[in-house]
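S.K.: I'd like to go over a predicted model; first the sequence, then the structure.
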2 protein chains.
Amino acid sequence: MSVDSFFLASGNSPGPCFFPATRCRVALLGFGTVGSAIAARLAGPDPVDGLELTHILDRRASAKRDELTASRAALRGNILWTTNVGDILASNADIVIEAIGGIEPATEWIRAALVAGKSVVTANKQVIAHHGPSLLQLAERQGRQLRFEAAVGGSMPIVRAVSDGLAGDRLTRIVAILNGTSNAVLSRMEATGCTVPHAVADAKARGYAEADPSADLDGIDARAKLAILCALGFRLRVDPSRIETRSIAHLQPADVQQVRRRGGAIRQLAFAEYDRTRSALTAWVAPAIVPRSSIFARTCGPQNAAVITGEHAGDIGVFGAGAGGAATAVAAIGDLLTIARDRAAIVPAPLLSAPSIIKGLDRGTHIVDFVERAEPSVGLIAEAV
Amino acid sequence: MSVDSFFLASGNSPGPCFFPATRCRVALLGFGTVGSAIAARLAGPDPVDGLELTHILDRRASAKRDELTASRAALRGNILWTTNVGDILASNADIVIEAIGGIEPATEWIRAALVAGKSVVTANKQVIAHHGPSLLQLAERQGRQLRFEAAVGGSMPIVRAVSDGLAGDRLTRIVAILNGTSNAVLSRMEATGCTVPHAVADAKARGYAEADPSADLDGIDARAKLAILCALGFRLRVDPSRIETRSIAHLQPADVQQVRRRGGAIRQLAFAEYDRTRSALTAWVAPAIVPRSSIFARTCGPQNAAVITGEHAGDIGVFGAGAGGAATAVAAIGDLLTIARDRAAIVPAPLLSAPSIIKGLDRGTHIVDFVERAEPSVGLIAEAV
């Protein structure tokens, strides 16, 4: 019996036994929208138990440190600001959070952090979609963890749901809204009758769209997330570039209003269905018509939603804030706490295979009529009673 | 570097390194609706990798073994059937699944299994609601795991969502449909105009209701699940008996139809809101009026749904099949796989405190008008765009 368990067994307050005496030291790479939201939580007025922010790396570290508003003055405290990733790698940080975005140098820095013996939390869907399998193998070899709940679905805990919670099922289909920017644009067009550029300008003004939103509108963002979900849910290795996409950028106000009059709504859906017997994956990201009563039509603004179908449990759904620093920070901090709880936990890299066939959209239709492509009950949670 | 990581590093097939050479041995307590569904998955035509069912305990073990249909003949194979829990405790099983229900002997057997060095998976909400904290402490002391995703929400992964996925937020409110039987009864009354007894008979015929459904209709089942969610989400120790309940058993067809005409629906809601500054918990289970456009009104049949509100991420929702052997088996098998993946993982028991104040329903209303009690956006995932 260890000393800790002796204290518990003897009826003393269990308080000190549940967290290690030293808090987990956290180094943050990137002080943009997501990074600064994470930093504000870790070093704000209501900090997170068990976690201590020790380092912040940013290209403009010095300027950003000087620009901190009074409410974030705590970030000038015992935190080392740096532009040099070597400072992070050589530091005593236990966990590195990568929030710089883009494939490089993010991938190389994640790899270096794992090699340096640190666990890693990332919000980077492109890195995980393209290099997740090898990075997860490296993490396992190193006896460290690589977690990425924040890479898909913002605060909606879909990575955990698909990789752990529904591991007891055999998943066959994932249909989801995975891009908050596109969803804000489409629901704005629906509500006001405006054009795509107007809706994009509105989304930028609300902080839901980046300066160049083309990766969002064209489905490049959503297909990276869909590739990650195919790996977790179907154990498939899918290059995101093999997932067919159609942009929402060319939709006209008349398209949106016509669908609306027909009792539907247009949403950017990410769709993946796996036929195991034929090793055939159908996967696409495209504007699709959904029934107004469906969970997808009712997902407005920068929200995300997903319906995951399994052979045994039927449809399981999740929804929540899909964009924004605060929502993404919730997912990243959840991952930090999971690592802090058991730093020695083993997370095996998934065994992935490549599908024999990858199919995209049927030809000929501009907007996918999802109602006709799948049984209409998807997302309705309805049953004849 | 371990032998396993050497194989990985040298570029050999990673296959054999991801699961231990021996499969996890699983002993099942109880061969009722849930237990037999779990057994059918573990020893059926499409078994679960890494898990081996070795023992089945049931009061009527011999008779149930003899009654197995041809499609379940595999359960007569290398599986020891017994009526004696001592056989399980003395066995080489790694994990015990408790699916017998009721508080005793389930609690005592779970305790004994942990003491015998086994991890435990349970679908038993009453045991976890009443004895979860002490059992989780025992599991931690023993270096074993106690998992209970199947105890709340069927296949809807809400235990994992609240305890892990949203750990990065500070949760303030949980509103949920947690009892599939009551929901099937209410949505049936709504669709057909029938009485509670007629709807109950229909639910029994469909396998959604037990012989005596009073614990479901009266909210006893849902309040145990709500107490578990209060522990996971708010870190509160709440005796389920302190959660006020109102039964749906006395609702009249006229009540249901009147609410329907007003544009609403009646659902058995479980509600919990925690005011940390005052250490005041408001918690109840009661028939409530919800807007027809809400996720709750659209939850029909034996489905469950939950909207969890956090200070940082806003509303997060989950929904899915809330009752039935197959759905519950998905949750239990997910827990088995989590344990099999890392048998040495540490799951700290939560640190719980008691709320200073526990409030229930306001007086005077028979059916809670939920629309007026909380902001109407709950569950709507709507936002002005």
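M.R.: Received it, and whenever you're ready, just let me know what you need. Numbers count the residues shown, from 1 in each chain, chains lettered A, B, ... in the order given.

S.K.: residues contacting the nearest residue to A:Gly264 once chain neighbours are set aside?
M.R.: The shortest distance from A:Gly264 to any residue other than its chain neighbours is 4.5 Å, reached at A:Ile289 (CB to CB, 6 or more residues apart in numbering or on different chains). Yep, even glycine has a C-beta here, placed from its N, CA and C like the rest. Neighbouring residues of A:Ile289 by CB atoms under 8 Å, 6 or more residues apart in numbering or on different chains: A:Val259, A:Arg262, A:Gly264, A:Ala265, A:Ile266, A:Ile367, A:Val368, A:Asp369, A:Phe370, A:Val371.

S.K.: do a quick rundown of the strands in chain A.
M.R.: Assigned by DSSP state E, the strands in chain A fall at A:24-29, A:51-57, A:80-82, A:95-98, A:119-122, A:146-147, A:171-177, A:244-245, A:264-275, A:280-291, A:303-310, A:314-321, A:357-359, A:368-369.

S.K.: just put the ones you listed in a markdown table and tack on mean pLDDT.
M.R.: Output for the strands of chain A, formatted as a markdown table (pLDDT from 0 to 100):
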| stretch | mean pLDDT |
| --- | --- |
| strand A:24-29 | 97 |
| strand A:51-57 | 97 |
| strand A:80-82 | 97 |
| strand A:95-98 | 98 |
| strand A:119-122 | 98 |
| strand A:146-147 | 98 |
| strand A:171-177 | 96 |
| strand A:244-245 | 96 |
| strand A:264-275 | 95 |
| strand A:280-291 | 94 |
| strand A:303-310 | 95 |
| strand A:314-321 | 93 |
| strand A:357-359 | 93 |
| strand A:368-369 | 74 |
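
S.K.: can you put these in JSON lines and add distance to A:Pro350?
M.R.: Formatted as JSON lines, those follow (distance: least, CB to CB, whole Å):
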{"stretch": "strand A:24-29", "distance to A:Pro350": "25"}
{"stretch": "strand A:51-57", "distance to A:Pro350": "27"}
{"stretch": "strand A:80-82", "distance to A:Pro350": "34"}
{"stretch": "strand A:95-98", "distance to A:Pro350": "20"}
{"stretch": "strand A:119-122", "distance to A:Pro350": "16"}
{"stretch": "strand A:146-147", "distance to A:Pro350": "12"}
{"stretch": "strand A:171-177", "distance to A:Pro350": "13"}
{"stretch": "strand A:244-245", "distance to A:Pro350": "24"}
{"stretch": "strand A:264-275", "distance to A:Pro350": "14"}
{"stretch": "strand A:280-291", "distance to A:Pro350": "16"}
{"stretch": "strand A:303-310", "distance to A:Pro350": "16"}
{"stretch": "strand A:314-321", "distance to A:Pro350": "19"}
{"stretch": "strand A:357-359", "distance to A:Pro350": "18"}
{"stretch": "strand A:368-369", "distance to A:Pro350": "29"}
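
S.K.: and of the ones you listed, who's closest to B:Ala209?
M.R.: In terms of CB to CB, the element of the strands of chain A nearest to B:Ala209 is strand A:314-321, at 18.9 Å.

S.K.: before we move on, back to that, now flag whichever of the contacts of A:Ile289 is closest to B:Ile358.
M.R.: After measuring those against B:Ile358 - CB to CB - the closest member comes out as A:Ala265, at 42.2 Å.

S.K.: tally of neighbours for that closest one?
M.R.: Counted with other CB atoms under 10 Å in any protein chain shown, residues neighbouring A:Ala265 total 23.

S.K.: now it, nearest residue through space, not along the chain?
M.R.: The shortest distance from A:Ala265 to any non-neighbouring residue, by CB to CB, 6+ apart, is to A:Ala297 (3.8 Å).
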